[in-house]
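Visitor: Prediction below, plus the sequence it came from.
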Amino acid sequence: MTSQDALLQKRCEPCEGGVPPLDAGAVTELMRALHDDWSLADDGKSITRTFEFAGYHRTMGFVNALAWVAESEGHHPDLGVHYGKVLCTWTTHAIDGLSENDFICAAKVDRLVE
């Protein structure tokens, strides 16, 4: 089983704070499970990927599928939606950094466009 498959089989755990964000080593390891287009913010508190589509209809179809993943997992990204492009940023606001939830959801979003 690949590390991406392991993330895909997991479900997000509610996070209301009180736990530390992932350390740099854990983040580096989890980044390996995602598509290479994900980037880690300079401050290490979020991951971002830009998705591009041919036209508005396909863009909105992706946004709706992404929203379904987010609602199913109870974990929601920050989105920038534009004609033919979606900027998706995952972070766990309650801990002001990255949690495993961010990587679970990013892997599930990667699967939408594979």
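Guide: On my side now, so go ahead. All of these numbers come straight from a predicted model, not from anything done at the bench.
Visitor: rest of the way, CA atoms for contacts and neighbours
Guide: OK.
Visitor: Distance from the lengthiest helix in the chain to the middle of the chain?
Guide: Determined from DSSP state H, the single longest helix within the chain is helix 56-73. Going by C-alpha atoms, centre = their mean, to the nearest Å, the spacing between the C-alpha centre of helix 56-73 and its chain's C-alpha centre is 13 Å.
Visitor: Would you mark the buried spots in that helix?
Guide: Neighbour-count burial for helix 56-73, with 16 or more other C-alpha atoms under 10 Å as criterion, is recorded at 59, 60, 62, 63, 66, 67, 69, 70, 73.
Visitor: which one of the residues you listed is nearest residue 90?
Guide: Comparing the buried residues of helix 56-73 against residue 90 with C-alpha to C-alpha places residue 70 closest, at 10.4 Å.
Visitor: Count the residues that sit near the closest residue in space to that closest one that isn't next to it in sequence.
Guide: Leaving aside its sequence neighbours, residue 70 sits nearest to residue 76 (C-alpha to C-alpha, 6 or more residues apart in numbering; 5.0 Å). Using other C-alpha atoms under 10 Å, residue 76 has 22 other residues around it.
Visitor: Check the secondary structure at residue 76 for me.
Guide: With DSSP: H, G, I helix; E, B strand; the rest coil as the basis, residue 76 sits in coil.
Visitor: gap between it and residue 62?
Guide: Noted for residue 76: a distance of 15 Å to residue 62, by C-alpha to C-alpha, to the nearest Å.
Visitor: Please apply the same query to residue 12.
Guide: Where residue 62 is concerned, residue 12 sits at a distance of 21 Å (C-alpha to C-alpha).
Visitor: what does residue 54 give?
Guide: Separation of residue 54 from residue 62 (C-alpha to C-alpha): 11 Å.
Visitor: So which elements touch the lowest-mean-pLDDT helix or strand in the chain?
Guide: Sorting the helices and strands of the chain by mean pLDDT, DSSP states H and E puts helix 3-8 at the bottom, at a mean of 89. Packing contacts for helix 3-8, counted by 3 or more C-alpha pairs under 8 Å, 6 or more residues apart in numbering; DSSP states H and E, involve helix 100-113.
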